[in-house]
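J.: give me the fold of what follows.
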Amino acid sequence: MTSTPIQKILIIGAGPIRIGQTGAYDDAACRACEVFKSAGIQTVMVHCDPSALAADADMADRTYLVPLSVEAMTEILLRERPTAIFPSVGGKTALRLAADLAQSGFLKENNIGLLGVTENSLALAHDPAAFFAAAEDQGLSVPKGEIADSIADAASLAEKTGYPVFVRCIEPDLTVRNGIAFNVEELRQLSSSGRLPSDATGRVRIESALSGYLEVEVALLRDAENGVQMVAMAENLDPVGIHSGDSLAVVPPMTIDEPIRHRIASAAVKLAETTGVTGVLHLKFAVSSTSGEILVIAVDSGYSRMTGFLAKAFDLPLAAIHARLSLGISMAHALNGDSRRIATAMTGSTVAVRLPRWEFERFPGESAKLDSRMKSTGAVMGLGDTFLQALSNAERAGAPYPSKGKQLPDLNELDADMLLHRLVSPSPQRLPLIHAALKKGAAADAIAEVTGIAVGWIRLLAERADLEREVTLAGGESFSSEIAQRVAGGGICPVRLASLLSITVDEATDLFARANVTFAARPTAGGEPAHIWTHTPIVGNHSHGAPLGKSVLVVAPASGRIGQSIELDHCCVHAARALKAVGRKVVMTSANPASACGPGDADRTHVVPLTVVDLKAVCQTEIPDGVVLQFGGYKAMTMAEELNAVGFPVLGTAPESTALCQDRMRFSQLLTDLGIPHRQIGTADSPDKAMDLAEAIGYPLMVTARTDLQGRRQTLIMDARMLEQHVMEVEVSTDRPLLLEQFLEYAIEVEADALCDGQAVYVPTVMEHIELAGVHPGDAAVVVPPYSTPPRHIDTITAMIEKIALQLNVKGLLNTRFAVLNDTVYLLEVRPWACRTLPLVSKICNVPMAQRAVEIMLGMTLDEMDLPRRILPHYGIRASVFPFDTFTETDPMLGPRMRSTGQVMAMADVFGMAYFTSQEAAGPALPLGGNVLITVTDADKPSILEPARLFNEMGFGIQATRGTHAFLKKNGIEAQLVKKLGFGRPDLVDGIKTGDVSLVVNTPSGSQSQQDDAYIRKTAIRYRIPDVTTPAAALAAAKGIAARKRGQDALCTLQSYVRAIK
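T.: Numbers count the residues shown, from 1 in each chain. Next up, the predicted model:
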C-alpha cells in the first residue's frame, strides 16, 4: 500500500490464456477497474489478449496491448507515471513482472508504489525457501529440505535424503518448477528443464516426497489493519504430488475433521500477516492422513484460480472486495454487506466441486499421466446439497453420460484386479476407474492403497456405486419415495437414472416425480440479489424464486477448453450488456469455474451442464422470452431444434441453416447451386471406394469420419500409400463412411466475421492467415487487414459472404473461411455462431460485434445501426499461444487440429512491427541476430528463398542441412552446412543445445525423417528458441525482425488506434 494519495493506478493483466492462467483473472481485472474508477482514480490497463474484457477500449481510461515484459512495462510506466501498480489480478505472469520491477529498484527510483502486495510478499511468492523460512518464524511446520545451488549439489542432497524426492527449482527469471524425482536422471531432468545441465540453472530445494498427505487450499481476505476474514477451505481429492489444478477440489472439505480445519485456519491467519498482502490470499497446506501433521506448502499472493472458482460457486464478489481492500478500505466496508454470502462457503449448505478437463488426445506422444505439473486445459464445476450431487453435476458438465449404457465399454470387460492395476498410475480416468472398481467389488482400502487417495474419499464414492447397484437390481418398478430420495441425494439424477435403467430421460423424470421428488432451482448463497443458482432435488414441488420476467437466456460454454475459452465469455458479457440496455433481464448458463463472466454480469447464472435436458430445466424455471445460443459454441447450436420444439424460441439463425452448414455434403451441393467455388468432396463406405474416390479428387486431401461434423479428427493425406495405411487403421463401412475433401495445398487462407439481419450483410474487415492452408484457423497467426491478398479477391470474398448469408437467412453472426489459390477464391466453411476471432475484430475495428448481433436477434436492422465501413490505418496481428512447454513429448508441428490455449494481439503502423511484437508477446521472442537453422522439404524450398535472403541481408548466419544447403547455394545464398541427425556429430540439434542457433525454420518431411524433424522442433521448444514450421511464417518472421531493427513504433494506446480509424 502506497502512502501517496492515489491518483492513477496501472493494472497489469494476466496476458494470454495458458495452462494455469485462466479467464478468472480477466473478470478480476474488470472488477478492479470498476472499483478504482468509482473511487475517482484514473486507470491504465496493460494487457496483450484480444479476448480479454479488461483490454476493451471502454474498460480502463488508457489501454496498452503490448508484450508483458520488463522493457515494455518500463516504457509505459515512464510515460504514464502512475501512483502505483496493481499486479495481483494478473496471476503469476503479472506478479513475476512486478517482482522484477521491484527487485531492480525501478519502482522505488520513480516513486511508484505497489498496491495489494509488497516487495516482501512478492519475494515470498517467488522463492519457496524464503516463504518456508517465514512460515517457520511463525512456528509453523514446512516440508523438510535443503537448498542446492548446482545440479551436482542437488544430486548429493537427494542421495542423502533418499529417493523419491520432491524438487523445487527456482530459475533466475523467477519461474518455479516442481516435481517428484525417483532417480538421479529424473532429478537432472527436473533441475535443468530438459536443457543441458548448468550450475547457473538456478536454486534447487530438495525435499522428502510427502507420502500419505492430503492437500488443502485456503482462501482468505486481509485488510491493511491486519483484519482477516476466512472465505473458504477446499480439500483436494488427489494426494500431495498431483498438481492442485489437476485434482478434483471440494468446498467445504469432506474428510478432514473440525479440529484440523481449525488448526489450518489459525496457520493461514498467521501467514496472512507475515506476507503483508492486502486483499485475497491463497494458501496451500499438506495434512498427514495418519498423524494429522500440517505442513505449509505454497502461497499465491492475490487473485487465483481457486478464488475465481469460489466467486462463481458461492456468488461472492471477491474481485471487487479484493480491489477495495487493496485501496486500504477496512474489511467491514470492503465486504459491503456480503458477509452472509461468504459464510455460505464455510457452512456447507452448498457443496461445490471443481473437476479438471484434459485434452491429451490433441497431443500425440504425450503420456496421459498426472503429476506435479499442471496439464488440464480447462475445468467444470458442479454444485449441490451433497458432495455426490455436486460431483454428478460436474461430471455431466465435463463429459455427459450417454443416454443408454451403464459404463464406459472398455471398463465393463475389466475385473477388479485389472482395474486396480490401471489405478496405480494417476490419470484423467481415475474417477471412472474408481467407480468401476467399486462396482466390481474392490475394497475401499485397496483402492486407497494403490491411488494414494484418502480412504475417506473412496468410501464417499462407494456410496454412489452401492446406490447404482441397488437401483439397477431393483429396476423402475421398486422405485419408492424412500429410494428416490436416497438416490437423488447420492447424485443420481434423471439423466444418470435413465442410463442405469436403459430408459428415456423423460421416463426417469416421471419415476422421480411419482416418488414426489423434483429437481428445482435454488440460489447457492444467502443475500440479495441472488446471482448464482443451482438445481437440486427436493421433496414436493417447492419453488425458491419466481421467474425474473422479460428475460433472455444466454447460453455460455459449459466449460473452458481449447477452442472454447475466454473468447466466448467475452461475447456472452457483451450480449448481456446489449440485453440490459434494452430493459431485458439476463439469465445465463455456465459451469465454467474459470469463466471471465463475473457473477454480476447476468441477473442470474444457472450452474448446469450444457445439455438439452438441463437447458429445458432452466427455461422451465425462468420462462425466458428467447434463448441465445450463438455464443455457446457449436454444441449449444445443436440444441436449437429441441428447444424450439418445447416452446422456448431460439433467437437468431434458424436451426435448419446451422444444420445445413455442418452437413458438408449438403453444403457442398448448395455452393454448387449458388455458383460459389469450393473444394471437391465425397464419401466412401469401403476402403476400395475410398482409394478410388481419392484418385478422382486428387492428392493431397483431408480425410475424416462422415459423422465428424466439426472436423476434429481430420487427417492430411499426401499420397495413396498414406491413405492405404489410414483405411487399415480406421473402420470404414456403410455405418462409418469416410469423408474425403480436396486439400488446397499452398493456398492462402482468409477469414471474416460478419453480421446479417436477413436482408443486409455487414463485413467490418477481412483477416488473412499468415500460415498457408492446413493449419487450424484457431492456431494460425492472423493479420488485419490482409497484407498480401489483392483487393479484387477481398471484393469477391465480401460478395460471397453476402450471397451465402442471405441464402441461409442468417440472423446475427456468421464466421466464414476462404482459400485463395491460383487466382481463385474458394469458400471453405461457414459457421453461423461466434468464433475465436470475434473479440479480435471487435477491438481492431471498434465495432462491438456481439452486441450488434444481439440487437439483430431482437429485431433491429443493420440499416438502423448505420455501421460504417472501416478503413484501418494500422495492422493488428493475432498470434497463438501453445502449451508445448508442458506437453514436451508431442511434435509442435501445426496442423488441422487446434492445440493453442490462448492468443495475443499486437498493433502497429506496419505489418512487420506488428508481427514482431505479437511473437514477443506470445513467446519466445524473435532474435535480432545469431544463426538461423533452415531445413525444409523439397516442396518448400522455392518458398524459403525470400526469407533466407532477408535473413542474410540482416546479417544473420544461415545454417542448413545438405539438401537445403545445396538449394540455397545454387540460388546465391551463402550458408553453413550442418549435419542431419544420424550423419555424424556435431549435428544440427547440438547447435540448438549449445546456443549456436537463435531461430529454427523446419518444415515437415516425409515419413522416414518425420521423427527427426519432430525431435528438432521439440528441442527448440525445450531450449526456448523460436521454431517456425512454415515458409510463410518464416517470411513473416524475417519481415518482423527487419522492421524491429529499423526501430520501434511509437508507443500507442488502444484508444489512440481507435480514434485513428476512418
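J.: could you use CA atoms for every contact and neighbour count after this?
T.: Noted.
J.: wait, what's in contact with Leu579?
T.: Val552, Lys585, Val586, Val854, Glu855 (C-alpha atoms under 8 Å, 6 or more residues apart in numbering).
J.: out of those residues, who's nearest Thr63?
T.: Closest approach to Thr63 among the contacts of Leu579 (C-alpha to C-alpha): Val854, at 26.1 Å.
J.: how far away is that closest one from Glu217?
T.: Between Val854 and Glu217 the distance is 40 Å, computed by C-alpha to C-alpha, to the nearest Å.
J.: report all helices and strands that the worst-scoring helix or strand of the chain on mean pLDDT contacts.
T.: For the chain, using mean pLDDT, DSSP states H and E, the weakest element among its helices and strands is helix 409-412, scoring a mean of 70. Where contact means 3 or more C-alpha pairs under 8 Å, 6 or more residues apart in numbering; DSSP states H and E, helix 409-412 is packed against helix 430-439.
J.: CA-only coordinates of the helix it packs on in PDB, if you can.
T.: Coordinates of each C-alpha in helix 430-439 appear next as PDB, following Å, rounded to 0.1, in the frame of the first residue of the first chain:
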ATOM      1  CA  ARG A 430      -9.100 -42.300 -12.300                       C
ATOM      2  CA  LEU A 431     -12.700 -41.300 -11.300                       C
ATOM      3  CA  PRO A 432     -14.300 -43.600 -13.800                       C
ATOM      4  CA  LEU A 433     -11.800 -46.400 -12.900                       C
ATOM      5  CA  ILE A 434     -12.500 -46.000  -9.200                       C
ATOM      6  CA  HIS A 435     -16.300 -46.100  -9.900                       C
ATOM      7  CA  ALA A 436     -15.900 -49.200 -12.000                       C
ATOM      8  CA  ALA A 437     -13.600 -50.900  -9.400                       C
ATOM      9  CA  LEU A 438     -16.100 -50.200  -6.600                       C
ATOM     10  CA  LYS A 439     -19.000 -51.700  -8.700                       C
END
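J.: now the element after it, going C-ward?
T.: helix 444-451 (DSSP states H and E).
J.: show me how far that following helix is from its chain's centre.
T.: Relative to its parent chain, helix 444-451 has a centroid offset of 32 Å by C-alpha atoms, centre = their mean, to the nearest Å.
J.: again, but for stretch 594-607
T.: 17 Å.
J.: how about stretch 724-736?
T.: For stretch 724-736, the distance to the chain centre is 33 Å (C-alpha atoms, centre = their mean).
J.: and stretch 652-672, by the same measure?
T.: The answer for stretch 652-672 is 29 Å, by C-alpha atoms, centre = their mean.
J.: end-to-end on that stretch?
T.: 26 Å.
J.: ok, residues contacting it?
T.: Counting by C-alpha under 8 Å, 6+ apart, 628, 630, 637-638, 640-641, 677-678, 681-682, 709-710, 808-812, 829-832, 856-857 sit against stretch 652-672.
J.: any stretches of the chain with poor pLDDT?
T.: Along the chain, segments meeting pLDDT under 70 span 1-3, 171-176, 193-202, 400-409, 527, 541-544, 708-712, 1005-1010.
J.: and the angle from the helix ranked longest in it to helix 430-439?
T.: The longest helix of the chain (DSSP state H) is helix 455-474. With axes from the mean of the first three to the mean of the last three C-alpha atoms, to 10 degrees as the basis, helix 455-474 and helix 430-439 are set at 60 degrees to each other.
J.: list the buried residues of helix 455-474.
T.: 455-462, 464-468, 471-472 (16 or more other C-alpha atoms under 10 Å).
J.: buried sites along the least confident helix or strand of the chain?
T.: Applying 16+ other C-alpha under 10 Å to helix 409-412 flags Leu411 as buried.
J.: please tell me how far the next helix or strand after it is from the chain's geometric centre.
T.: Counting by DSSP H and E, the next helix or strand C-terminal to helix 409-412 is helix 416-422. Taking C-alpha atoms, centre = their mean, one finds the center of helix 416-422 at 32 Å from the center of the full chain.
J.: just stretch 258-272 next, same as before
T.: 32 Å.
J.: who touches that stretch?
T.: Ala135, Gln138, Leu140, Val218, Arg222, Val228, Met230, Leu281, Leu283, Phe285, Gly292, Ile294.
J.: Arg836: which of those is nearest?
T.: Out of the contacts of stretch 258-272, the member with the shortest distance to Arg836 (by C-alpha to C-alpha) is Leu281, at 32.5 Å.
J.: can you put the contacts of Leu579 in a markdown table and add neighbour count and distance to Gly476?
T.: Putting the contacts of Leu579 into a markdown table (neighbours: other C-alpha atoms under 10 Å; distance: C-alpha to C-alpha, whole Å) gives the following:
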| residue | neighbour count | distance to Gly476 |
| --- | --- | --- |
| Val552 | 25 | 37 |
| Lys585 | 20 | 40 |
| Val586 | 24 | 39 |
| Val854 | 24 | 45 |
| Glu855 | 22 | 48 |
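J.: closest one to Leu355 out of the residues you listed, please.
T.: Looking across the contacts of Leu579 and measuring by C-alpha to C-alpha, the closest to Leu355 is Val586, at 26.6 Å.
J.: so the closest one lies in a helix, does it not?
T.: No. Val586 is assigned strand when assessed by DSSP: H, G, I helix; E, B strand; the rest coil, not a helix.
J.: going forward can the numbers begin at 809, since that is how I track them
T.: From this message on, residue numbering opens at 809, which makes the last subject Val1394.
J.: what's across from it in the sheet?
T.: Beta-bridge partners recorded for Val1394 (DSSP bridges): Val1360.
J.: isn't it right next to Gly1357, touching?
T.: No. In terms of C-alpha atoms under 8 Å, Val1394 does not count as a neighbour of Gly1357; the distance is 9.7 Å.
J.: before we move on, the earlier item: can you redo the contacts of Leu1387 as TSV with distance to Thr1769?
T.: Output for those, formatted as TSV (distance: C-alpha to C-alpha, whole Å):
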residue	distance to Thr1769
Val1360	61
Lys1393	64
Val1394	60
Val1662	55
Glu1663	57
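J.: which of those lies closest to Thr1696?
T.: Of these, the one sitting nearest to Thr1696 (C-alpha to C-alpha) turns out to be Val1662, at 42.0 Å.
J.: so what touches whichever helix or strand the closest one is part of?
T.: Assigned by DSSP H and E, Val1662 falls within helix 1657-1665. The contact list for helix 1657-1665, computed with C-alpha under 8 Å, 6+ apart, reads 1379-1380, 1382-1383, 1385-1387, 1459-1460, 1563-1565, 1619-1621, 1642, 1646-1647, 1649-1650, 1670.
J.: repeat for stretch 919-928
T.: 809-810, 889-896, 907, 910-911, 915, 1083-1087, 1109-1110, 1131, 1133-1135.
J.: narrow these to just the buried residues.
T.: Buried among the contacts of stretch 919-928 by 16+ other C-alpha under 10 Å: 809-810, 890-896, 907, 910, 915, 1083-1087, 1109-1110, 1131, 1133-1135.
J.: just the ones of those in strands?
T.: Among those, the members found in strands (DSSP state E) are Ala892, Ile893, Phe894, Gly1087, Ser1109.
J.: including distance to Pro1700, could those go into CSV?
T.: Output for those, formatted as CSV (distance: C-alpha to C-alpha, whole Å):
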residue, distance to Pro1700
Ala892, 40
Ile893, 36
Phe894, 35
Gly1087, 39
Ser1109, 33
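J.: out of these, which comes closest to Gly1173?
T.: Ser1109 (35.4 Å).
J.: hey, what's that closest one bridged with?
T.: The partner residues for Ser1109, given DSSP bridges, come to Leu1089.
J.: help me confirm that it comes into contact with Gly1084.
T.: No. Taking C-alpha under 8 Å as the definition, Ser1109 is not a contact partner of Gly1084, at 9.4 Å.
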